[in-house]
Every structure is written in C-alpha cells, then in structure tokens.
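[1] Sequence below, structure please.
(one chain, ligands or ions: 2)
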Amino acid sequence: MIKAILTDIEGTTSSIQFVHQVLFPYAAKNLPEFVRQHRGDDAVEAALNEVANQAKLDIDNTEQLIQQLLEWIAEDKKVTPLKALQGLIWDHGYRNGDYQAHIYPDALDALIEWHKQGIALYVYSSGSIHAQKLFFGFNEGGDLQYLFKDYFDTTTGPKREAASYSLIHKAINLAAENILFLSDIREEVDAAAEVGMQTAWVQRDTAALVSDPQHQCVGSFADIQLPS
Ligand SMILES: CSCCC(=O)C(=O)COP(=O)(O)O
Ligand SMILES: [Mg+2]
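    Ligands and ions are numbered 1, 2, ... in the order given. Below is the predicted model:
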C-alpha cells in the first residue's frame with residue numbers, strides 16, 4: 001500500500017524548458033555579481049569552499065571560482081555547492097516577480113488529490129531544498145508548499161544511486177515498498193526500485209512510451225496508478 005509519494009521536479013512535475021530556459025540563464029547572468037557581493041556570507045563561503053575543494057582551486061581567487069561555477073551551469077552539473085548558490089540567486093528573482101515556476105496541470109491535479117487522500121508527499125530534486133521550496137512557493141499553481149511534508153536534495157546523495165533512496169525511506173520512516181517514486185530519468189527510477197520502492201517512469205512529450213516491466217511507464221500524472 002502506498003503511504004507516501006516522492007517526486008522529482010524537472011521533467012516530472014514541471015517542464016525541462018522552464019529550468020533550462022528561465023532558471024539556469026537567470027543564475028548564469030546574476031551569479032558573478034552575486035558571488036562578488038556576498039563573499040563573507042556564511043552560506044556563500046561554505047559553497048565556495050566546496051567548489052574550491054572539488055575543483056582544486058584557490059579559495060581566494062573569486063574570479064576563478066565564478067568561472068568554474070558558470071562552466072558547471074553550462075554543463076548542467078548537479079553539483080551540491082552550485083545548487084546551493086543557484087537557490088540563493090533564484091530567491092531574488094522569485095520575490096521580484098521575474099518568473100513563476102512551472103507545473104504541469106496533470107501534476108498539480110494529482111498532487112492536490114493525493115494530498116486530500118492523506119498520502120504524504122515528498123520532493124527529491126537536484127535543486128537545493130531552498131530552491132525546491134521557492135519552486136513550489138512561487139508557482140503558477142499558487143503557493144503549493146502546503147502539499148509537501150519534506151524535501152530531499154543532493155546533500156542526501158546523488159539521484160542515480162540506490163543508497164540515496166535507502167537513506168530517504170529511512171528518513172521518512174516508511175518501508176521502501178510503501179513509497180512511490182516518480183521521475184523522468186530511467187536511472188533514477190532504477191535506483192529507487194533497487195531498494196524496493198514502487199516507481200513510475202514519467203515520459204512526457206513522447207509519441208510512444210518506452211515500456212519497462214520494472215516500472216509503471218506513464219505519459220502524465222493522470223495515468224499513475226497507486227499500487228495496492
Ligand atoms: C528545484 S529548482 C531547479 C531544478 C534544478 O536545479 C535541477 O537541477 C533539476 O533537477 P531534478 O533533480 O529536479 O531533475
Ligand atoms: Mg528530472
């Protein structure tokens with residue numbers, strides 16, 4: 001019986017285009033000035049220290065750190081310190097009304113319905129937890145934060161590794177088989193299935209669904225069945 005649903009964001013609840021054509025360019029445009037102005041802030045210094053460690057750069061060379069971060073944005077690297085900084089930068093854009101996050105109507109309807117049914121909803125995205133709360137707080141569907149019980153990001157672990165899903169089901173305090181994980185990325189649903197989670201592989205904008213007996217394969221949230 002499904003007691004909780006854990007969902008990915010980009011490509012699953014929401015369009016890849018919004019993330020790649022609105023959020024990433026906004027972060028790339030504003031990151032250099034943001035980093036220069038906020039050197040010394042605890043959260044920014046913590047992220048820059050991680051960048052310097054991972055890329056083997058001099059922590060005092062701000063311009064080199066900025067360059068590295070811009071390269072990671074261009075390559076869509078799911079690197080935790082980049083994700084932390086992106087969240088801080090997007091904060092301003094959301095509050096300033098520069099954009100609202102996208103959600104597919106079928107995802108909005110299903111999430112509201114599951115919430116009404118008392119199913120606990122969780123998010124697992126490569127975006128930082130702060131970025132996820134902004135995403136659902138400043139959303140085309142309104143402030144949707146009330147729908148979600150908790151959020152997980154890459155500080156729990158990479159999304160393509162089974163160990164991350166093991167940590168999540170323990171944190172949620174439910175057996176893996178009572179959790180349904182939704183994602184557009186096959187390697188992510190594979191990793192969740194490896195620890196015993198139920199899975200739905202969400203394949204949007206495709207003429208023909210790829211079938212995989214290990215997962216429910218759906219084109220939209222409207223087709224997701226909750227296994228009993
Ligand atoms: C949550 S805000 C922007 C999403 C993001 O930065 C990202 O990398 C999306 O990754 P996901 O795991 O949601 O596919
Ligand atoms: Mg995704």
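[2] Now the spatially most central residue of the chain. Nearest residue, chain neighbours left out?
    Nearest residue to the geometric centre of the chain (CA atoms, centre = their mean): Ser125, 2.0 Å. Leaving aside its chain neighbours, Ser125 sits nearest to Ile9 (4.3 Å; criterion: CB to CB, 6 or more residues apart in numbering). In this view, the C-beta of every residue, glycine as well, is placed from N, C-alpha and C.
[3] again with Glu161
    Ala191 (5.7 Å).
[4] Give me the buried positions along stretch 15-34.
    By 16 or more other CB atoms under 10 Å, the buried positions in stretch 15-34 come out as 15, 18-19, 22-24, 26-27, 30-31, 34.
[5] For ligand 2, tell me whether that stretch is touching it.
    No: using CB under 5 Å from the ion, stretch 15-34 never reaches ligand 2; the gap is at least 7.6 Å.
[6] end to end, how far does that stretch reach?
    Using CA to CA, to the nearest Å, the end-to-end distance of stretch 15-34 comes to 26 Å.
[7] Tell me how far that stretch lies from the chain's centre.
    15 Å (CA atoms, centre = their mean, to the nearest Å).
[8] which other residues reach that stretch?
    9-10, 66, 69-70, 73-74, 76, 85-86, 88-90, 92-93, 98-99, 101-102, 104, 184, 204 (CB atoms under 8 Å, 6 or more residues apart in numbering).
[9] Report how many residues lie close to the closest residue to ligand 1 within the chain.
    Shortest the chain-to-ligand 1 distance, computed as CB to the nearest ligand atom: residue-wise this is Gly127, at 2.4 Å. Residues lying near Gly127 (other CB atoms under 10 Å) number 24.
[10] thinking it is in contact with Gly87, fair?
    Yes: counting by CB atoms under 8 Å, Gly127 touches Gly87, with 6.8 Å between them.
[11] Tell me where this structure has strands.
    Assigned by DSSP state E, the chain shows strands spanning 4-7, 120-124, 148-152, 179-183, 198-202, 216-218.
[12] which helices and strands sit right next to the second one?
    In this structure, strand 120-124 packs against strand 4-7, helix 105-116, strand 148-152, helix 162-172, with contacts taken as 3 or more CB pairs under 8 Å, 6 or more residues apart in numbering; DSSP states H and E.
[13] Now the longest one - C-alpha only, PDB.
    This file holds the C-alpha atoms of helix 105-116, laid out as PDB (Å, rounded to 0.1, in the frame of the first residue of the first chain):
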ATOM      1  CA  PRO A 105      -1.800  20.800 -14.900                       C
ATOM      2  CA  ASP A 106      -2.000  17.000 -14.500                       C
ATOM      3  CA  ALA A 107       0.800  17.100 -11.900                       C
ATOM      4  CA  LEU A 108      -1.000  19.800 -10.000                       C
ATOM      5  CA  ASP A 109      -4.300  18.000 -10.000                       C
ATOM      6  CA  ALA A 110      -2.800  14.700  -8.900                       C
ATOM      7  CA  LEU A 111      -0.700  16.200  -6.100                       C
ATOM      8  CA  ILE A 112      -3.800  18.000  -4.700                       C
ATOM      9  CA  GLU A 113      -5.900  14.800  -5.000                       C
ATOM     10  CA  TRP A 114      -3.200  12.600  -3.300                       C
ATOM     11  CA  HIS A 115      -2.800  15.200  -0.500                       C
ATOM     12  CA  LYS A 116      -6.500  15.200   0.000                       C
END
